[in-house]
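Student: build me a structure from this.
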Amino acid sequence: MRSRADKGRRAAPPALDDIDEVMGASFASQLRFRLYRLARRRRIGLALTAGFYAATGLLGMIEGGHWPTVKAEILNSPQTVANAMGFRVVAVQTEGQNALTDDEVLLALGIKEDTSLPFLDVGEARERLLANPLVQDATVRKLFPDRVTVHLVERKPFALWQHDGKVQILAEDGVPIDDFRDSRFAHLPLVVGPSANTKSRALLDALALAPKIREETYAAVFVAERRWNLKLRSGVEVKLPEFEFGAALARLETLQARRDLFGKWISVIDLRSADKTVVRLTNEAADQLARDDKTASTKKKKASQT
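Tutor: From the prediction side, this is the model:
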């Protein structure tokens, strides 16, 4: 006799693939089992057929060189759908943009013709903007459905610094911003020499008070990391004292206004002494002066003989 536990147990269903185990079943059960097995085999066949055609198509795309395009379209499908719904970025509004170009801003934001606003990562866009040495701070915001706003705080280019065979753009505090690569910053004053970047602010402030000298100066050379020599466009070199160079520049500004020193045959103007201004003539001027002295001496000698 079976126990109550045996009666409560159900017999395990026969495996559908084992015909011997279902032979004793009713005709209806056997028919159901056979139909189920046939349906399962047909699904496997359809899956294999679909897989075959998919593999054939993929192989054809790879062999024909179309797979990168198809892959890009598949990956870009969310953007395509979002753009179709009206979320394509159509405008970028910037504040505080001066030195940066529009192309530099768009490249940093990563915005292209098909960029969709929901998929724009403003955090990554801000980090890319901050990677530009000209950018001190940046804020990027989305304005749905289709706009982006960018607030920039740019480092102000102050001067060009030539040292170790290269030229860099300096900020007002003397920190190099970037290498000098284009003409946007060609108008900036040029300082030359080691440590010239950290000492240039005081000199350029003093030159701002001597506009005639500032206009003629194309470079300031920091000599022995102690004092400045100015290179003028006329070819004149101005030697400034280590201290009180502001007063020396004011003196030279007055001399230039009265005597037009830069228009004469002068190669060096030495302002290192507070009591006097020393000038050195060019070689041509010195030779001409020697010839004039010789001619004058000859005339005087002839006059004394007569």
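Student: alpha carbons of stretch 142-153, in PDB - could you do that?
Tutor: Below are the C-alpha coordinates for stretch 142-153, written out as PDB (Å, rounded to 0.1, in the frame of the first residue of the first chain):
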ATOM      1  CA  LYS A 142      21.000  73.100 -21.000                       C
ATOM      2  CA  LEU A 143      18.000  75.100 -22.000                       C
ATOM      3  CA  PHE A 144      15.400  72.600 -23.300                       C
ATOM      4  CA  PRO A 145      14.400  71.900 -25.900                       C
ATOM      5  CA  ASP A 146      17.300  72.900 -28.100                       C
ATOM      6  CA  ARG A 147      19.800  75.500 -26.600                       C
ATOM      7  CA  VAL A 148      23.000  75.500 -24.600                       C
ATOM      8  CA  THR A 149      24.400  78.500 -22.600                       C
ATOM      9  CA  VAL A 150      28.100  78.800 -21.700                       C
ATOM     10  CA  HIS A 151      29.400  81.400 -19.200                       C
ATOM     11  CA  LEU A 152      33.200  81.800 -19.500                       C
ATOM     12  CA  VAL A 153      35.800  83.500 -17.300                       C
END
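Student: Gly86 contacts Asp146, doesn't it?
Tutor: Yes - contact criterion Cβ atoms under 8 Å: Gly86 and Asp146 qualify, at 6.8 Å. Using the backbone N, CA and C atoms, a C-beta is placed for each residue, glycine as well.
Student: neighbour count for those two, which is higher?
Tutor: Asp146 (15 against 12; other Cβ atoms under 10 Å).
Student: check contacts around that one.
Tutor: Asp146 sits next to Gly86, Phe87, Arg88, Val89, Val90, Ala91, Leu117 when contact means Cβ atoms under 8 Å, 6 or more residues apart in numbering.
Student: reformat those residues as CSV; add pLDDT.
Tutor: Converted to CSV, those look like this (pLDDT from 0 to 100):
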residue, pLDDT
Gly86, 79
Phe87, 84
Arg88, 87
Val89, 89
Val90, 91
Ala91, 92
Leu117, 89
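Student: just name the closest of those residues to Ala247, please.
Tutor: Ala91 (54.2 Å; Cβ to Cβ).
Student: phi, psi of that closest one?
Tutor: Backbone dihedrals for Ala91, given as degrees, to the nearest 10, come out at phi -150, psi 140.
Student: please apply the same query to the one 5 residues further on.
Tutor: Here is the backbone geometry of Gly96 (degrees, to the nearest 10): phi 80, psi 10.
Student: from Ala99, how far out is the residue nearest to it when sequence neighbours are not counted?
Tutor: Distances taken as Cβ to Cβ, 6 or more residues apart in numbering place Leu152 nearest to Gly96, at 3.9 Å, with adjacent residues excluded. Noted for Leu152: a distance of 10 Å to Ala99, by Cβ to Cβ, to the nearest Å.
Student: who has more neighbours, those two?
Tutor: Counted by other Cβ under 10 Å, Leu152 and Ala99 do not tie: Leu152 has more neighbours, with 21 against 18.
Student: could you give the backbone dihedrals for that one?
Tutor: According to degrees, to the nearest 10, Leu152 has phi -110, psi 140.
Student: so it makes contact with Glu104?
Tutor: No - with contact defined as Cβ under 8 Å, Leu152 does not reach Glu104; the gap is 10.6 Å.
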